[in-house]
Each structure stands twice: as structure tokens, then as C-alpha cells.
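Engineer: Return a 3D structure for these sequence lines:
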Amino acid sequence: MKKTLNILSILLLGILVFNTFFRNRAEADVKESYAKISQGKAIIIDVREESEVKEGMIKGALWIPLSKISSNPKSESEIIKKLGLGKEIYLYCRSGARSGKVQSILADEGIKSINLGGFSSLASENLPTQPGPQ
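Structural biologist: As a prediction, the model looks like this:
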């Protein structure tokens, strides 16, 4: 019993540390990043799934869900590379975890991208939003 309690305590501590240091953490200043997007110097890609984007998207974001990227990483990476030619590529999802996965997929294909974290944290920074696809 005591061993189980210790393991649960360690797991809980691990989750708290992860959420504190990694979850919803943007790798760049959100407002500066959006200014680059607005100026056409960068693109932003929402990698959430269809049911999630219905709640709204960051204005100007492209929608390419993780499921599509995962099912055909080479093809989708090539599309993203063309869309972001000469521009910075920013990614976001609900919490920052899936955009981190996409970031890894793109890195495997030689494409640099920046994880902006989660939609709610971006919206709370007063970035303009738009309705998602219906």
C-alpha cells in the first residue's frame, strides 16, 4: 500500500511539474509572432481536429489537423514547406502537446517551426479569432 502511494505521489508530482513548465508554453512572444503573421512574414497553422476548431481559430490560421499530418507526414510536410516558403511557421493546438508533435514531424523533414502553445492561451492574449470551419 505504501509503495503504491509513493508511486502515485511521484506521478502526481511529475504531472504538476510538466504542466507548470511545458504545457501551453509558447516558444516565442505571442504578440510579436502574430505581428509577423499579420505582416505576411509568417504563417500560423492550427493542428487541432475538426470538433475543436468549431469553437474558433486564430484569425488567419491555416487548418491542417494532426491526424492528416500524421497519416501522410512527407506529403503534408511538403505542403507546409511550400506554404511557409521564406516565412516563419507557427503551430498551435489545444494545449501545445499536439503542435509539439507536428513540430517534431516537420523537423524530421528539415522544416523549422515554432510551437505557440494552446488556443485558449493565445485567445487570452487578445489575438483576434475567427469562426472555425462549419
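Engineer: Low-confidence stretches in the chain?
Structural biologist: The chain contains residues with pLDDT under 70 at 5-6, 8-9, 11-25.
Engineer: Strands along that one, start to end?
Structural biologist: 42-46, 57-58, 62-63, 88-93, 114-118, 129-130 (DSSP state E).
Engineer: Just checking: what are the partner strands of the third one?
Structural biologist: Spelled out, that is strand 62-63. strand 42-46 (parallel) (DSSP bridges).
Engineer: what would the strands of the chain look like in JSON lines with mean neighbour count and distance to Gly100?
Structural biologist: In this view, the C-beta of every residue, glycine as well, is placed from N, C-alpha and C. Shown next, in JSON lines, are the strands of the chain (neighbours: other C-beta atoms under 10 Å; distance: least, C-beta to C-beta, whole Å):
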{"stretch": "strand 42-46", "mean neighbour count": "23", "distance to Gly100": "13"}
{"stretch": "strand 57-58", "mean neighbour count": "22", "distance to Gly100": "17"}
{"stretch": "strand 62-63", "mean neighbour count": "15", "distance to Gly100": "18"}
{"stretch": "strand 88-93", "mean neighbour count": "24", "distance to Gly100": "8"}
{"stretch": "strand 114-118", "mean neighbour count": "23", "distance to Gly100": "5"}
{"stretch": "strand 129-130", "mean neighbour count": "12", "distance to Gly100": "22"}
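Engineer: need the ones you listed in JSON lines with distance to Ile79, can you?
Structural biologist: Formatted as JSON lines, the strands of the chain follow (distance: least, C-beta to C-beta, whole Å):
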{"stretch": "strand 42-46", "distance to Ile79": "10"}
{"stretch": "strand 57-58", "distance to Ile79": "18"}
{"stretch": "strand 62-63", "distance to Ile79": "10"}
{"stretch": "strand 88-93", "distance to Ile79": "12"}
{"stretch": "strand 114-118", "distance to Ile79": "18"}
{"stretch": "strand 129-130", "distance to Ile79": "21"}
